[in-house]
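A predicted structure for the sequence below; I have some questions about it.
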Amino acid sequence: MRILFALLLAGCANPKYVTPSDVATTSSAGETAIDFKPGPGRVALRWETKATTDQYGTFLLKIGRANIGDGSLLPEDVSGLNVFLWMPSMTPPHGSVPVEIERVDVGTYRVSHVLFIMAGGWEIHVQLRDGSAVRNEAILPFSL
């Protein structure tokens with residue numbers, strides 16, 4: 001009987017987990033965030049200078065994990081960071097010029113030399129790599 005009672009109590013527990021999201025969210029401060037796949041981790045992007053087809057841009061990336069209490073980002077340093085721009089709607093799909101990445105603080109990176117070579121729907125791919133293998137990836141949509 002005690003075992004049955006314990007199982008019933010355990011079945012009623014409602015632990016608070018942060019549910020991974022496939023959809024990028026944008027805050028009122030203009031920061032766009034999405035979860036890494038397969039996870040764990042989260043990435044947030046905030047433009048310092050928005051890129052266009054004729055002007056290089058710069059953005060800050062914050063990488064870390066979501067706080068279980070309120071979902072805010074807790075920055076963590078990462079290794080193997082790779083960022084590239086991709087235009088999937090073109091036939092064949094193609095990228096843009098390589099970007100430059102600079103660590104500015106714990107879990108915070110400045111990505112510069114960002115240029116979209118034509119108007120349309122783009123993806124900003126943020127990858128964590130082990131050599132040539134991608135261990136985590138987040139894809140942030142961007143339209144120009």
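Perfect, I can see it now. Numbers count the residues shown, from 1 in each chain.

ok now do the residue nearest the centre of the chain, which residues does it touch?
With distances taken as C-alpha atoms, centre = their mean, residue 43 lies nearest the centre of the chain, 3.1 Å away. Contact analysis of residue 43 by C-beta atoms under 8 Å, 6 or more residues apart in numbering lists 33, 34, 35, 36, 61, 62, 63, 126, 138, 140. Quick note: C-beta positions are derived from backbone N, CA and C, even for glycine.

check these and tell me the two furthest apart.
Using C-beta to C-beta, the pair of the contacts of residue 43 lying farthest apart is 35 and 61, separated by 14.0 Å.

quick one: the strands in the chain?
25-26, 32-35, 42-49, 57-66, 73-75, 81-87, 94-95, 100-105, 108-114, 121-130, 133-143 (DSSP state E).

export those strands to JSON lines and append columns for mean pLDDT.
Formatted as JSON lines, the strands of the chain follow (pLDDT from 0 to 100):
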{"stretch": "strand 25-26", "mean pLDDT": "70"}
{"stretch": "strand 32-35", "mean pLDDT": "86"}
{"stretch": "strand 42-49", "mean pLDDT": "94"}
{"stretch": "strand 57-66", "mean pLDDT": "94"}
{"stretch": "strand 73-75", "mean pLDDT": "91"}
{"stretch": "strand 81-87", "mean pLDDT": "95"}
{"stretch": "strand 94-95", "mean pLDDT": "87"}
{"stretch": "strand 100-105", "mean pLDDT": "97"}
{"stretch": "strand 108-114", "mean pLDDT": "97"}
{"stretch": "strand 121-130", "mean pLDDT": "94"}
{"stretch": "strand 133-143", "mean pLDDT": "93"}
